[in-house]
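Q: Next comes the sequence, and after it the predicted model I'd like to discuss.
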2 protein chains.
Amino acid sequence: MMLPQRVCIVGLGLMGGSLALALRPFLAHLTIVESDAGTLAAARSLADAATEDLAAGVGQAEVVILATPVRTILGQLAELPQARPDGCMVLDLGSTKRQICRAMAALPAGFQAIGGHPMCGKESSGFAAAAPDLYQGQTFVLCRHGRTTPQVEKVAGEIISLIGARPLFLSPEEHDNLVGAVSHLPYVAAAVLMQTVAARQDERAWAVSASGWRDTARLAGSDPRVMLDIMLTNRSILIEHIGQYQAHLAGLKTLLLAGDEAGLADWLAEAQHAYAAYRQKK
Amino acid sequence: MMLPQRVCIVGLGLMGGSLALALRPFLAHLTIVESDAGTLAAARSLADAATEDLAAGVGQAEVVILATPVRTILGQLAELPQARPDGCMVLDLGSTKRQICRAMAALPAGFQAIGGHPMCGKESSGFAAAAPDLYQGQTFVLCRHGRTTPQVEKVAGEIISLIGARPLFLSPEEHDNLVGAVSHLPYVAAAVLMQTVAARQDERAWAVSASGWRDTARLAGSDPRVMLDIMLTNRSILIEHIGQYQAHLAGLKTLLLAGDEAGLADWLAEAQHAYAAYRQKK
């Protein structure tokens, strides 16, 4: 057992809850910080200690894992120096990494920290949707910064190994760019699709809809609180991705307007080839 | 057993193949028309007769079921009067219905025909992807037109019942509009997403991608031949849907550019509510 004795998980939602369930067997002492009264009751049965109060929860932890929406994490990072004047190890599970890693790098010298983002999720949220196998076989991105030490890297690696995930090191910029493309942009495509069809207010659409609709629209069900923080902390990159998406969409519409059969055939074949190339890798 | 004795299925792809597998136990005599030599071999083991030649295949059929891409169906409907001067019953499984129903309505008086579209599919295509339970529990749209008789309606209803699907009557216009929204537009959203991210040519994107990406991009793998015919025969409606999608996307981008937190929060919550409302119905 290479994990430190006392671990504190902050936020018992889908991600933090799944982590708590997966790590519980390996932890000598687990504290959970959770602001929702109902979830706090669940936390009490799972953890050795549970509290609504961040400062109390992190007070004696060797490792603090922040598993709340991105801007909540930023607020918690700002509170840590006062709550832990001696410092501690910090890992987070936040969906964007530039702002969080910048805040982590600015922590006082006693802190050792590393940014983290497990690449998995569900369209349902909260502890009710948590599952101990959520991370199994998934990629877990780690982002180093000025407060990252070999020790905290080792602890993060051990946690990732215990929950069955695979570490992937990226810079915060690389992370936000790549995840903007394969996670935030798909959310946008799905949510815009949902808004567009819902605006028709024709219930028969659902009777006619099948698995293609269900899968493409699924991410529209994502937690708005989580998505709001993602959008606001990855705003410039997401705007860029949306711009590229708009250009590709406009290109397709131009082919359609022109009735350009050969051009359309090429475009459709290209999309299928790109999909096949992705499926070969994943 | 209410089905006529001799049935001919034209096209042994995903849809026609699944129909042949599901109906086979109930058919006294099944003929399959298939132009692909490799698939024709599979057709021979499944059917009582198999041929590449449409005229030969439909020659003695009481019911002809056209299960090819939309524009191929249009070509076959044009050949039918010569192949069957006496007429027969015709059903199709084509993905768009206005042009097909117009062509069906123009068949000589000996024909009884009805437009059909089973609302199911896969991103993989061809007979290799066919499955006898593909239609189980799915909606099967039927479109009446000038050549639709109570008899052909009854036969179509019997087929739908035998394969475990549920009939839903729509006009060809209603069909193309609704299916444009919940099937063709999702394809566009998925394929544009795929094109946008593939254009980055960064293989690490796939390592970072998870189930959200996979589900949202899935339809990009659709058969380009099928999609080309869909786009060209539902062009005006799809262009309209894309225009509405573009407006919703531009609206979201405006909120992002302005950093309008309250506006974004409302937009995200609205998307989630719309998704939840759809899931309550389906």
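A: Now that the structure is in, tell me what you want to look at.
Q: ok, longest strand in chain A?
A: strand A:112-118 (DSSP state E).
Q: and the next element down the chain from it?
A: Next helix or strand after strand A:112-118 toward the C-terminus (DSSP states H and E): strand A:139-143.
Q: right, and the helix or strand after that next one?
A: Where DSSP H and E defines the elements, the next helix or strand beyond strand A:139-143 is helix A:150-162.
Q: what residues are up against the residue nearest to residue A:226 when sequence neighbours are not counted?
A: Spatial nearest neighbour of residue A:226, excluding adjacent residues (C-beta to C-beta, 6 or more residues apart in numbering or on different chains): residue A:69 at 5.1 Å. (Each C-beta comes from the backbone N, C-alpha and C, glycine too.) Each residue near residue A:69 by C-beta atoms under 8 Å, 6 or more residues apart in numbering or on different chains is listed here: A:94, A:95, A:225, A:226, A:228, A:229.
Q: Could you dump the residues you listed into CSV and include pLDDT, neighbour count and secondary structure?
A: Output for these, formatted as CSV (pLDDT from 0 to 100; neighbours: other C-beta atoms under 10 Å in any protein chain shown; DSSP: H, G, I helix; E, B strand; the rest coil):
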residue, pLDDT, neighbour count, secondary structure
A:94, 97, 27, coil
A:95, 96, 25, coil
A:225, 93, 19, helix
A:226, 92, 22, helix
A:228, 98, 20, helix
A:229, 97, 22, helix
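Q: So the residue nearest to residue A:226 versus residue A:37, what's the distance?
A: Using C-beta to C-beta, to the nearest Å, one obtains 18 Å as the distance from residue A:69 to residue A:37.
Q: residue contacts, the closest residue to residue A:84 other than its chain neighbours?
A: Of all residues not flanking residue A:84 in the chain, residue A:58 sits nearest, at 5.9 Å (C-beta to C-beta, 6+ apart). Going by C-beta under 8 Å, 6+ apart, residue A:58 touches A:8, A:10, A:31, A:33, A:64, A:80, A:83, A:84, A:88.
Q: nearest to residue B:167, of those residues?
A: residue A:10 (53.4 Å; C-beta to C-beta).
Q: Would you quantify the distance from that closest one to chain B?
A: Residue A:10 sits 23 Å away from chain B, going by C-beta to the nearest C-beta, to the nearest Å.
Q: Please apply the same query to residue A:271.
A: The gap separating residue A:271 from chain B is 4 Å, by C-beta to the nearest C-beta.
Q: Would you agree that residue is in contact with residue B:194?
A: Yes: if you go by C-beta atoms under 8 Å, residue A:271 and residue B:194 touch, sitting 5.2 Å apart.
Q: re earlier: just flag the most distant two among the contacts of residue A:58.
A: Farthest-apart pair in the contacts of residue A:58 is A:31 and A:80; separation 14.5 Å (C-beta to C-beta).
Q: follow-up on the earlier one: tell me the one of the contacts of residue A:69 nearest residue A:161?
A: Nearest to residue A:161, judged by C-beta to C-beta, of those is residue A:94 at 20.7 Å.
Q: Could I have the CA atoms of the helix or strand where residue A:177 lies written out in CSV?
A: Here residue A:177, judged by DSSP H and E, is contained in helix A:172-179. Taking C-alpha atoms only, helix A:172-179 is exported to CSV below (Å, rounded to 0.1, in the frame of the first residue of the first chain):
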residue,chain,number,x,y,z
PRO,A,172,-2.7,22.2,-19.4
GLU,A,173,-2.8,23.9,-22.8
GLU,A,174,-2.7,20.6,-24.7
HIS,A,175,-5.3,19.2,-22.4
ASP,A,176,-7.7,22.1,-22.8
ASN,A,177,-7.3,22.1,-26.6
LEU,A,178,-7.7,18.3,-27.1
VAL,A,179,-10.5,18.0,-24.6
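Q: Please name every helix or strand in contact with that helix.
A: Helix A:172-179 is packed against helix A:98-105, strand A:112-118, strand A:139-143, helix B:204-208, with contacts defined by 3 or more C-beta pairs under 8 Å, 6 or more residues apart in numbering or on different chains; DSSP states H and E.
Q: Single out the most deeply packed of those.
A: Per residue and on average, the most neighbours among the helices and strands packed on helix A:172-179 fall to strand A:112-118, with a mean of 26 (mean count of other C-beta atoms under 10 Å in any protein chain shown).
Q: Quickly check: that strand near chain B or not.
A: No: legend: contact between strand A:112-118 and chain B by C-beta under 8 Å from any C-beta of the partner chain is lacking; minimum distance shown is 8.8 Å.
Q: mind listing what residue A:188 touches?
A: Going by C-beta under 8 Å, 6+ apart, residue A:188 touches A:238, A:241, A:242, A:245, B:249, B:252.
Q: Spatially nearest residue to the second one, not counting backbone neighbours?
A: Excluding its sequence neighbours, the residue lying closest to residue A:241 (C-beta to C-beta, 6+ apart) is residue A:185, at 4.6 Å.
Q: isn't that neighbour right up against residue A:245?
A: Yes: under the contact definition of C-beta under 8 Å, residue A:185 touches residue A:245, with a separation of 6.2 Å.
Q: tell me, what's touching the two both at once?
A: With C-beta under 8 Å, 6+ apart, residue A:185 and residue A:245 have common neighbours B:193, B:196.
Q: circling back to that earlier point, now do the shared contacts for residue A:271 and residue B:194.
A: Taking C-beta under 8 Å, 6+ apart as the contact rule, the neighbours common to residue A:271 and residue B:194 are residue B:220.
Q: Look up how far residue A:172 lies from the residue nearest the centre of chain A.
A: By C-alpha atoms, centre = their mean, the mean C-alpha position of chain A lies nearest to residue A:95, the distance being 3.4 Å. Residue A:95 sits 12 Å away from residue A:172, going by C-beta to C-beta.
Q: same thing with residue A:240?
A: Using C-beta to C-beta, residue A:240 is found at 16 Å from residue A:172.
Q: Have a look at the two and say which one is more surrounded.
A: A side-by-side neighbour count of residue A:240 and residue A:172, using other C-beta atoms under 10 Å in any protein chain shown, places residue A:172 first with 22 against 14.
Q: can you pull the contacts of residue A:9?
A: A:16, A:19, A:20, A:23, A:30, A:31, A:32, A:33, A:47, A:65, A:67.
Q: Which one (most neighbours) among the residues you listed?
A: Busiest of those [other C-beta under 10 Å] is residue A:33, holding 29 neighbours.
Q: ok, what's across the strand from it?
A: For residue A:33, the beta-bridge partners are residue A:10, residue A:51 (DSSP bridges).
Q: mind listing what it touches?
A: A:8, A:9, A:10, A:11, A:50, A:51, A:52, A:53, A:54, A:57, A:58.
Q: Return the member of the residues you listed nearest to chain B.
A: Nearest to chain B among these, counting by C-beta to the nearest C-beta, is residue A:11 at 19.1 Å.
Q: longest helix anywhere in chain A?
A: helix A:235-258 (DSSP state H).
Q: Of all the helices and strands packed on helix A:172-179, which one comes closest to residue B:107?
A: Proximity to residue B:107, assessed across these by C-beta to C-beta, is greatest for helix B:204-208 (49.0 Å).
Q: Output the closest one as PDB, nothing but the C-alphas.
A: Only the C-alpha atoms of helix B:204-208 are listed here, as PDB (Å, rounded to 0.1, in the frame of the first residue of the first chain):
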ATOM      1  CA  ARG B 204      -3.700  12.200 -29.200                       C
ATOM      2  CA  ALA B 205      -7.300  13.300 -29.500                       C
ATOM      3  CA  TRP B 206      -8.400   9.700 -29.700                       C
ATOM      4  CA  ALA B 207      -6.500   8.800 -26.600                       C
ATOM      5  CA  VAL B 208      -8.300  11.500 -24.700                       C
END
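Q: Can the next helix or strand after it be said to contact chain A?
A: Downstream of helix B:204-208, the first helix or strand assigned by DSSP H and E is helix B:211-217. Yes: counting by C-beta under 8 Å from any C-beta, contacts between helix B:211-217 and chain A involve B:211, B:212, B:213, B:214, B:215, B:216, B:217.
Q: and the two most separated of these?
A: B:211 and B:217 (10.9 Å).
Q: higher neighbour count, the two?
A: For residue B:211 versus residue B:217, neighbours defined as other C-beta under 10 Å are more numerous around residue B:217 (28 against 16).
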